[in-house]
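K.L.:
need the 3D shape of this:
(one chain, ligands or ions: 2)
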Amino acid sequence: MTRSISIFGATGSIGQSTIDLIKRDQKSYNVVALTGGRNIEQLAKDAIDLNADVAVTSEENLLGALLAALAGSGVEVSAGRNAILEAADRPVDWSMSAIFGAAGLEPGLRALRHGTTLALANKESLVTAGDLLLGEAKKCGAKILPVDSEHSAIFQALIGEDIATVERIIITASGGAFRDWPLHRIATATPEQAATHPNWDMGQRITIDSASMFNKALEVIETKEFFGVHPSQIEVLVHPQSLVHALVGFNDGALMAHVGPPDMRHAIGFALHWPDRRKLPVDRLDLAAIGQLDFKAPEDSRYPALKLAQFVMERGGLAGSVFNAAKEKALDAFIERKIGFLDMTSLVEDVLNQLVSKDGLNKDAMTLDTVANADQMARKYGQELIAQGRYGSN
Ligand code: NDP
Ligand code: MG
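P.N.:
Ligands and ions are numbered 1, 2, ... in the order given. Model (predicted):
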């Protein structure tokens, strides 16, 4: 039986790993929509290879380029944000939400309305609008499966278990590019240095977010939202080998760990085949050759972003949207060399203090509009702070 699928963010790191799995067993899938952004060549190639119904770029000014690349192929072409939402309205059995950032929220929400399965790599959806996303899934009878490796690991450790018996959830972090750097050097780190990950081969932005631990801060919030546990039950451990992805601690003292190679095709493949397990083209671990697994507590001074996650969870509501948007703004500014590496945390903290601390935005109920408004206000205020020259540059 063939399954119909759509991939949002098909040209990115997660999208390409998903396509790798699909291409290995193409006859089992009917590809409806593939969406991308600026990488028209890749989008067109995959749309042809997978015989997709429609290929969509988020960039309206690239419509002509996509039309030219797909001329005569029979693949429908469209462009712009609304075109992505319309693609999400096409019914499918399974969709992958792998657009980067807050832009991934609405396509994911729309895809949920088919009442089928949404594989969720876009952690920002849960961080910015967890209540909306989970509420919509419940209303429409859809299933959300986590694709983030830690959350897939937790999900797998919980199969057959009662969440009420969970005492704690531990997610691991590689520690990123600077885990062994002397603290005084980190302030001078460049985007190129931050974009080198010791273990995982990922997109540039998430790799920099790993070095700053903003990625882990988002994942802590994602854990709270997805599994409904109290923030005090979530711990982060630095684990340089990135082989244990998460551990779930139960009330009898047992810890169930998920161990596997650092290859996103495991978590993607698990979500693709769930509730079955199927053979996946990932390395099998030789633990005797690996010999040793190390763990240590994250140092606050090295990873200040982690404590911001606690603040965001305490506040709840729209704090997640402000946090994520300020983080995206800070990341852009760092990549453009307008602010330094550690300034990213200062900027996000300043934006949170201004917009969330005094209740401010947080008294608004959560809707798509209030989430988007919080996002815009955070970016605008972040931009003002950067323009004031409050932070250094490198
Ligand atoms: P990439 O940056 O590699 O890819 C992002 C994708 O989204 C690309 O297809 C890109 O198009 C597209 N895109 C970018 N901006 C927009 C926009 N405004 N509207 C529509 N599409 C857009 O990201 P990753 O694959 O690394 O990450 C995707 C998501 O998965 C993120 O939420 C990330 O946190 C999460 N994730 C990623 C992991 C990884 O290993 N990479 C691990 C766990 C979670 P184009 O490239 O053509 O411009
Ligand atoms: Mg992760």
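
K.L.:
could you measure from Lys363 over to Gly130?
P.N.:
As judged by Cβ to Cβ, to the nearest Å, Lys363 and Gly130 stand 18 Å apart. Every C-beta, even on glycine, is put in place using the N, C-alpha and C of the backbone.

K.L.:
more neighbours: the two, which one.
P.N.:
Gly130 (19 against 8; other Cβ atoms under 10 Å).

K.L.:
that's a helix at the more buried one, yeah?
P.N.:
Yes. Counting by DSSP: H, G, I helix; E, B strand; the rest coil, Gly130 is found in a helix.

K.L.:
if I pick the residue of the stretch 1-150 of the chain found nearest ligand 1, what's in contact with it?
P.N.:
The minimum distance from the stretch 1-150 of the chain to ligand 1, using Cβ to the nearest ligand atom, falls at Gly12 (1.9 Å). By Cβ atoms under 8 Å, 6 or more residues apart in numbering, Gly12 lies in contact with 36, 98-100, 203.

K.L.:
interface residues of the stretch 51-200 of the chain facing ligand 2?
P.N.:
148-150 (Cβ under 5 Å from the ion).

K.L.:
where do the helices of the stretch 51-200 of the chain begin and end?
P.N.:
Remark: helices assigned in the stretch 51-200 of the chain by DSSP state H, counting those that start in this stretch are 63-69, 81-89, 105-112, 123-140, 149-157, 183-186, 191-194.

K.L.:
cool, and the stretch 251-394 of the chain?
P.N.:
Taking DSSP H, counting those that start in this stretch, the helices of the stretch 251-394 of the chain run over residues 264-273, 287-290, 305-315, 319-335, 343-352, 368-387.

K.L.:
so which of the ones you listed is nearest ligand 1?
P.N.:
Here helix 264-273 is closest among the helices of the stretch 251-394 of the chain (Cβ to the nearest ligand atom), at 4.5 Å.

K.L.:
mind listing what's buried in the closest one?
P.N.:
264-272 (16 or more other Cβ atoms under 10 Å).

K.L.:
likewise for stretch 279-296?
P.N.:
Neighbour counts over stretch 279-296 (16+ other Cβ under 10 Å) mark Leu280 as buried.

K.L.:
returning to that earlier point: what would the buried residues of helix 264-273 look like in JSON lines with distance to ligand 2?
P.N.:
Output for those, formatted as JSON lines (distance: Cβ to the ion, whole Å):
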{"residue": "Met264", "distance to ligand 2": "9"}
{"residue": "Arg265", "distance to ligand 2": "14"}
{"residue": "His266", "distance to ligand 2": "12"}
{"residue": "Ala267", "distance to ligand 2": "9"}
{"residue": "Ile268", "distance to ligand 2": "12"}
{"residue": "Gly269", "distance to ligand 2": "16"}
{"residue": "Phe270", "distance to ligand 2": "14"}
{"residue": "Ala271", "distance to ligand 2": "13"}
{"residue": "Leu272", "distance to ligand 2": "17"}
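
K.L.:
can you narrow the residues you listed to ones near ligand 1?
P.N.:
Among these, the residues within reach of ligand 1 (Cβ under 6 Å from any ligand atom) are Met264.

K.L.:
what would the buried residues of helix 264-273 look like in CSV with pLDDT?
P.N.:
Putting the buried residues of helix 264-273 into CSV (pLDDT from 0 to 100) gives the following:
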residue, pLDDT
Met264, 97
Arg265, 98
His266, 98
Ala267, 98
Ile268, 98
Gly269, 98
Phe270, 98
Ala271, 98
Leu272, 98
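
K.L.:
and of the buried residues of helix 264-273, the nearest to Leu368?
P.N.:
Nearest to Leu368, judged by Cβ to Cβ, of the buried residues of helix 264-273 is Ala271 at 24.6 Å.

K.L.:
wait, the closest one sits on Ser152?
P.N.:
Yes. Applying Cβ atoms under 8 Å, one finds Ala271 in contact with Ser152, separated by 6.9 Å.
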